[in-house]
Structure formats: C-alpha cells, structure tokens
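Visitor: Next one to model:
(chains A and B)
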Amino acid sequence: MSKRMRRTRRRTKRRLAEKIAWLLRWQNLRWILSGMLLFGSSFSAYVFYLDYQVRHQFEGKRWAIPARVYARPLEVYPDMALNAEQFENELSVLAYHHTDSPKQPGSYSRNGDHFVVITRDFTFWDGSEPSLPIRLDFENERLVGLQHAYQGTELPLVRLDPGIIGRIYPSHTEDRVLVKLEDVPPLLVKALVVVEDRDFYEHNGIALRSIARAMWANIRAGGMVQGGSTLTQQLVKNFFLSNERTLWRKFNEAIMSLLLEWHYEKNEILEAYINEIYLGQDGKRSIHGFGLASQFYFEKPLKKLSTEQIALLVAMVKGPSFYDPRRYEQRARERRDLVLELLEQQMILTELDMVNAKDRPLGVTTRAKSTISTYPAFIDLVRRQLRTDYKEEDLTSEGLQIFTTLDPVIQFETEKSLTRRVEQLGQRVDSKDSELQASAVVVSVESGEVLSIVGDRNPRFAGFNRAIDAVRPIGSLIKPAVYLTALQQPEHYSLISRIDDGPLSLKLDNGDMWAPENYDHEFHGEVPLITALSNSYNLAAARVGMDIGVPQVIDTLQRMGVTREMKPYPSLLLGAVPLSPLEVAQMYHTIASGGFRTPLRAIREVLTAKGEPLTRYPLSVEKEFDAAQIYLLNTALMNVMREGTGRYAYSSLPASLVVSGKTGTSDDLRDSWFAGYTGDKLGVVWLGKDDNQPTQLTGSTGALRVWTDIFRNIRPQSAVITPPDTIEMAKVDKDTYLLADSHCSDTIELPFIKGHVPALPAPCSEAYSSQEGEQASDQQDDQQDQKSGRGFFDRLFGR
Amino acid sequence: MMSHDFSTQNDIINPSQPRFIYQLTVYCVLLMLVTSACTTTPKSTGMRDDGLTAPVEEVSPEIVEQKPKYTFENGSQRGDDLPPVTDSGNYEQKRAPTGTVIALLNQARDQQRNGKPERAAAVLERALRIDPRNAQLWSELAQIRLQQGKLDQAESLAAKSNALVKDDDELKQRNANIIKQARYLRGG
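Guide: Below you'll find the model as predicted:
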C-alpha cells in the first residue's frame, strides 16, 4: 500500500472515530434520541389513525346491513282461491326446501294436491308467528283443507314468512350481489390467488417475495402476468378510491394492509375482496364485486359461470376498463387465455379443460344490463315512500325490515303479460332509434295497496321508472272525471241525457280558436251520455265540460287524488293533462272504491333488525264522492267494456266477470292508455315512446291488450255492488234511450238518482202514444233542461 | 477551547435526509413487526346475517306441541255483547269463511281490551285483506279511529261500512252513531 493510501485511510478512520465519539456525547445523543422518539410517536399516531380508518372502513362496509325489503306474506285460509302450482311457486320464492319427509322449518313435501309444510317462525308487526307443521289440500283451484299436520285440528289462518325481494343500498353503489365465501366457486378463489397473489395465505399483507417473484415472472413471460400487490393491498386500494400512484400512497397502502391482516382472518379479507373489487363501469354506476360483475357481464349468477367465464373475470381484475370484454374483445380474450394457461401450469386445470376453455368464446352478453335488482320499479317506489320518514343512512345501514305490499305472483303475471305483448306490438311499431316502451301498475281496490309495478318493457332494468316518472297526457282517461262532475248535478245530467256530439269551436282567452275533433273525424249528432262516454266522443265531452266548467272538473280531479297543478284550459277536457301511471291509478282508485280516496301504499310496516316495531302505514280512507254518483259513473264504465272502446277485453275474459274501465289515447296516438278494474283489483297500463313519437296504437289496440292479458292471469273477482239507497233503477229503450215500459221489447235497466228519473217516454212505450199534444210538448220543455250544449243564458232566455 | 470544524460537524448532525428517514422507517417498521408478533391479535368473528338463507333449526318436540296462533271459535266463547259477523257480501265468488274472520276479529278485540288500539287496527286491516267487503270489519275500524280521536277517518270508515251493509239495520245504526259522534266532536 502506498504511503498516500495509508494516510488517507488513517484520516478516514480518525474522522469516523471522531464522528462516533461526537455522537456518543450525551448532548448530541440526547438530540438524536428525542428526534427519534418524536418521529416514532408521530409515526405511531399516524399508524393508529390508519388503523382506525382501516377498521372503520372494513367493518363499516361489512357490518352496514342494508334494509331488507319483504314482499307481502302469503296468508292461507280454508276456501281461498289458490291452486297447488301457485302455492309451490310461493314456497320456492321463500326458498323452502322440497323433501320427502319435512322436519325442519323451511321444508315441505308434496303429494299431488296435498302438501305438508313446516313453516318458519317469523316476527311481524303484530306479533310473532310460530313455526307450524301444516297440511294443505287443494281441489278445483281452491284450498279446501288446512290443518295442523300432526294434531289434525282445522286451522283458520296461517301466515307464512315473507320473501325478501331486495335490499336498499346506498345510492352510489346501487345494488350489490353479496356473496358468501362458501358460495363462491372454488375455481374463482384458486384463480384469484394464483393470478393475483400466490402467497396470499402465507404473507402478512405485503409480500416482498411475491413482488420479486412477480417481477421475475413478468420478465420471463415478456408481459405483465402477475401483479406485485397482494389481494390485501388491492382491497385497501379499493376502499380508498383515489388512483394516485405516488410513493406516499403506496406507503399508506402497505401499512394499512399490514393492519388489515393483523385484525382480520384471511377468509374475511378474501370474502371482502370478492365483494369489493372494482370490475367495471356502467355509466355512472361502478360495478363492484364478482357477484354483480357476473350478472353484469354474463347475466348469470356467479355459481353458474363456466371455467372460461371465471377466468375472464379474474383476468379483468388487473384493469377492468383496459380489458373490457365488450369494448376490447381481442385484448380481453388474450388475457383470459393467459390466465387459463397459468391455471393449467399450476395444475388447477387439466390440459384438456384449458384447451376446451380457450376454444370457447368470451360469453359476455351484448347489452349491458345495468341491474340485478329483481323488482327495481317496486324497490324504487318503496325508497321514495320511505324517504319522507327515514334518512338514507338509516335505510342503508341499520338492517331495517320493510314489509311491503308486493304480490310476487301478480308481479310475475304483470311482467310476463307486459313483456310478451309489448314485444309483439313493438315488432310493428319499433324503429331503429325509437322503440315502444311500457309501464303498468296493479293495485288492490279495497286497501289501496300496490300489488305490482313495472317501469320498463324490460322489467329487470333499473333505469327510468316510467310507472312513476313518465308523465304523459292522459287523453280520454279524463272523461270519467268530466262526466262525474256532470252527474253531480242530477237535475241537469243523467246517464241518458242527450249530448250534442256536433261540431264545436270556441274562442279562447288568447284569441285562438279551439276546434276539437273526434278520433274518427265524424260527428255523431245527439247521443245519450252513457254512449258518449262509452265511445269516447271528444265533442260531446268538450261540450259537457264547457257547460259545467273546467274549474269544476279540476276540483273533481283533485278530489280523486290528483295533486299535480292543472291549468283550467279547455284542452284539459280532452286530456291535455300529463300524469304518471301511478297518478292515474290513484285517480281511478277513488272511482273503483266507491268514491273513497285512499293514498296508494307500497309499504305496510317498518321494523328494526331485531323485530321491534318502528312505523306502520295504516289504511286511511277519505269519503270524496257521493256513493250514488259513483254508482252511475261505474255503470257507464261497465258499458265501456261491454259495448264501447273497451270491448276487446271480453274476447278473453269471461262474460260473467264484471269489469269497468276506460281507454285513453292522446294526440297523434303518442300515448296508449288503459285504466280498468274489477271488484278487487285495478290496473293501469301505458304504452308510448320515450321520444314521444307516435305509436300507431290507440288505448284499445295497445294498452287494453296488455291489461287484458294481465287480468286474465291474476284471478280478479267481480263485485256485484248493491245500488245505494238513493238510486232508483228504470228501464230504458235501447234504441232511443228514453223511458220504456212493458210495451217495449229492447230495453236496458239503468240507474238514476231518486227523484230525477227522466220522464220522457220512448216511442215504443204506451205512455208515449197517450202523451201526444200538449203534454208531450210540456215534457219536452222540461226535457230541454237536461240537454247539454246550451249555456245558462240560453236556458234563461228560451230556446 | 478548540474550535471544531463546524462544516464537518454539520455534516454529522445533518446526514442526508432520505437515508435518515429510511433508516428510521425501517427501525419503526421492525418495531411494529416485532410487537405484532408478541401481542395477541384481536380477530373479529365473521358472522354476518343478511337473511339470504333461513337459519336451520332443529325441530324440537315443543314445536309440534305448540298451539297455533288462531283457532276456530265455535261461537261458544263469544260474549253476548259482541255483535255477530254479518254476511253482507253478495258477489260471485265465495267469501272467506266466517271462521277466519271471526278469529281475527276476536284478536282485534283482545288487543283493544289490552289498550293497544293500533295493534287492533293492524289486525283488522289484515282481516280486511282477506274479506274486503265485510261491513262489520270496516265498522270496527271506524270505532277504533273514533276512540283515537281521528274523526275524519272515523266518519269515512263508517260511511264505507254503510256502503257495504245489506240487511243489517243494527250495523247501519252503529255506523250512523259513529258518524254523528264524529261530526259532533269536530264541532260541525
């Protein structure tokens, strides 16, 4: 060694010795140690903060129990209208297990028309219903026997536990399809671990070996095959959505992953990962979790996915947008195949399976279905009705139990009929850019409960809910309100009042001329009121409306339950009033119930997660119209179905079923409406196009068809209503709609308000021939008062 | 006192920042890992009940013996003050058997006697879903609302009951009384 080198070395050593000596001097050591302590404690504080964040997020997500939404519980009693098939469907909705000898609650056996069921116990608002072994015997579409299965005692009523139809999630996550780890296909778990985090079960949250191995594998493969982040790290990344790739973020992520592993089991982390990982975008909605992704890409539940489909989802974890199978098919397929190869290498798949899987196409559906909610329209309605009483946080995290009015059977039939019929009609009417759309609502007449609701021709879509939000002109659906207002003046109007359906033109306040027309562009002369309504004549309705006054009609509409603001323009009389199908249902419900307004309800009660009662939404009833006047209107609406624009219904419905209803068509056939009811159920159907293009369908050729299909399958019941005391029946000649007697052959019996039976005799009657001359002309003078189209001044100053 | 070479001392006091932080970080992380190995780790239990599957229960003999919630009353237990259930329906298809409705009606009356009018109302509404055109049920509901001071409801419900009554004058009278009382209490 040269002298110089030795000298340098000595100098360095001396410097080093000096440095160490200097450090060890207490004053300096003190600074260093307190600096370290300060840093250490602030670092610890920070770690505690991160720890709190991790646990809060993890448990917040896991323990936040969204509200459970139940359908109406099925109540069975002897002699009820129900058949074995329907009953078995109900049991399957409730996930009752079919077995040969049922012993556990939630199981049943079936022997033709005989069932033995062990019901589950359940706590309802009014108390708990214990688990019971029951025996049911069906015959001729009815439940003929209901007994305790072992004791043989007759049971008057048994209430089954209600089925869950959905949950309420925070709005930014919409629905999730939560999966339990034990329900996840094993292949998915294996693939995830192998592709994303080989050492998942061994590491502490960060795997240095994994990072090294991944880098090596990527270099060897010549591409990014493996990620260096563990599943835990990815989960942390998902919880804190920011996408910055800074060192600081990586640092946080590392610490939080360690903390996560410290607190929670591998399985819990894995389950959370499977339910949280970001897997795609649907407009504003993010797709999180494999359960939802499975539905979103394949329209199938996770359990039903095939090998290559599972491989695709796992492949997408790395970059769901980059590997979007719908937009970048080639890229996605390549990565999927890479994953399949990896699985084969790791001996998770046999070579044969891998080759077969690679051969198969991606399997994604073309149309991105943005929903997995079973009943999005109904859940939407439930949410809105709850919004006034509950905060969003309560709904999405407290595990509330919401008991609703939904009837799954009626919902099923409504959906089936609507989709089928709209498909059929759409073939003629759909164009490339604008397709026929539809919505429907069925409610119970006596209780005002919403039994089913559909907001889209594809009922699974959780998008625009037309049943509540498609506000469209109701056209002729308004006429019953016009005529009801008229019938409230029995001294001027009865069912047989002659209305002039001749040309009409009016000067409006703004100077414009209003000259409405009938749909058939014809004039029908003088027609009785019942016929004017039956055939939906516009001119007659306009005349009556102008006579009684548009504000009066608005008043009637408000009493029927229409809350929307309406301007008193004459066009209102022909239905230039935009309403949603639900609002129309509210309006017609007041008629169907005999003049009693009941707010339509989708929810019966809300209980806490433990079963404690919170809120009940009781039946409330407000008498709005005189029973007799409603009786008259109802008679006319029955006539619509027998002889008027609604008569198509009886081509499929039994003639013995009593149906009342009204068709509605708006200008240029842009909206096709039908509102109709039997004794127990009311249904409203709307067809139209979202872009408001003409549909080429009237209420009769469009909405009525859907309504008829629905009602054919939901077992409606007639109600023969006894006429109120203030009603008097009288026979009328069918030809002239004048008072008939035994001399007349073709008669019909119609109701009238007592004391206001028009006395003008029909030509066929005996009374007519003896009333020639003066008496006849006197009567005619009186009768003129009943003729519409003549204003107050006309009557006052003579004809 | 010997003057130190401050430049070199500064070098010593302020070693290069990143290296210092790095060393400290490694120290702290090691500390954590060491402590984590020592302390008992609190693990959470992974129970989550989201109601997707029904809890499986053992059927104990008790369940078989359990009395069903509603039993048919054969009329003998009804007190004299309770009016009979009227048969007011006259529609096409058969009505719910009176037994079922009576069972619920009695339950409603029990609830009322126990001072739980809202519970009673809930039971009556349940009965109405089964037998919607039963004038008696509507009348009893009207009575409850009257007692609760919900006068508009009482009046409308009584009117609803009357719209469904056929031949039962006594029921009609009771409804009329409810309406009269409601109007009187309202001061109109």
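
Visitor: element containing residue A:115, please.
Guide: strand A:114-118 (DSSP states H and E).

Visitor: can you tell me the average pLDDT over that strand?
Guide: Averaged over strand A:114-118, pLDDT sits at 97.

Visitor: One more: stretch A:406-417?
Guide: 93.

Visitor: Report whether that stretch contacts chain B.
Guide: No. Contact of stretch A:406-417 with chain B is not found when judged by C-beta under 8 Å from any C-beta of the partner chain; the minimum separation is 10.6 Å. C-beta coordinates here come from the backbone N, C-alpha and C atoms, glycine included.

Visitor: Any buried residues in that stretch, and which?
Guide: A:406, A:407, A:408, A:409, A:410, A:411, A:412, A:413, A:414, A:415, A:417 (16 or more other C-beta atoms under 10 Å in any protein chain shown).

Visitor: In CSV, list the C-alpha atoms belonging to it.
Guide: What follows is stretch A:406-417, C-alpha atoms only, in CSV (Å, rounded to 0.1, in the frame of the first residue of the first chain):
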residue,chain,number,x,y,z
LEU,A,406,-95.9,-6.5,-3.4
ASP,A,407,-97.6,-9.7,-4.5
PRO,A,408,-94.9,-11.7,-6.3
VAL,A,409,-97.5,-13.8,-8.2
ILE,A,410,-99.3,-10.7,-9.6
GLN,A,411,-95.9,-9.1,-10.3
PHE,A,412,-94.9,-12.1,-12.2
GLU,A,413,-98.0,-12.1,-14.3
THR,A,414,-97.9,-8.4,-14.9
GLU,A,415,-94.3,-8.6,-16.1
LYS,A,416,-95.0,-11.7,-18.3
SER,A,417,-98.0,-10.2,-20.0
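
Visitor: about what we covered before: okay, and which of the buried residues of stretch A:406-417 map to helices?
Guide: Among the buried residues of stretch A:406-417, DSSP state H puts A:408, A:409, A:410, A:411, A:412, A:413, A:414, A:415, A:417 in helices.

Visitor: For chain B, see how far away residue A:539 is.
Guide: Distance of residue A:539 to chain B, given as C-beta to the nearest C-beta, to the nearest Å: 35 Å.

Visitor: pretty sure that residue is in a helix, no?
Guide: Yes. Residue A:539 sits within a helix when classified using DSSP: H, G, I helix; E, B strand; the rest coil.

Visitor: Count the residues that sit near it.
Guide: Residue A:539 has 24 neighbouring residues, counting by other C-beta atoms under 10 Å in any protein chain shown.

Visitor: What distance do you get for it to residue B:144?
Guide: In this view, residue A:539 and residue B:144 are 50 Å apart by C-beta to C-beta, to the nearest Å.

Visitor: next one: residue A:36
Guide: Counting by C-beta to C-beta - residue A:36 and residue B:144 are separated by 75 Å.

Visitor: more crowded one of these two?
Guide: residue B:144 (20 against 16).

Visitor: Mind giving me the packing neighbours of the helix or strand harbouring residue A:338?
Guide: For residue A:338, the host element (DSSP H and E) is helix A:329-345. Contact here means 3 or more C-beta pairs under 8 Å, 6 or more residues apart in numbering or on different chains; DSSP states H and E; on that basis helix A:329-345 packs against helix A:186-196, helix A:307-316, helix A:351-359.

Visitor: CA atoms of that helix as CSV?
Guide: Provided in CSV are the C-alpha atoms of helix A:329-345 (Å, rounded to 0.1, in the frame of the first residue of the first chain):
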residue,chain,number,x,y,z
GLU,A,329,-62.6,-8.2,-27.2
GLN,A,330,-59.3,-9.2,-28.5
ARG,A,331,-57.3,-7.9,-25.6
ALA,A,332,-59.7,-9.4,-23.1
ARG,A,333,-59.5,-12.8,-24.8
GLU,A,334,-55.8,-12.8,-24.8
ARG,A,335,-55.5,-12.1,-21.1
ARG,A,336,-58.2,-14.6,-20.3
ASP,A,337,-56.3,-17.3,-22.2
LEU,A,338,-53.1,-16.3,-20.3
VAL,A,339,-55.0,-16.8,-17.1
LEU,A,340,-56.2,-20.2,-18.3
GLU,A,341,-52.7,-21.2,-19.2
LEU,A,342,-51.5,-20.2,-15.8
LEU,A,343,-54.2,-22.2,-14.2
GLU,A,344,-53.1,-25.2,-16.1
GLN,A,345,-49.4,-24.6,-15.2
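
Visitor: That concludes my questions; thank you for your assistance.
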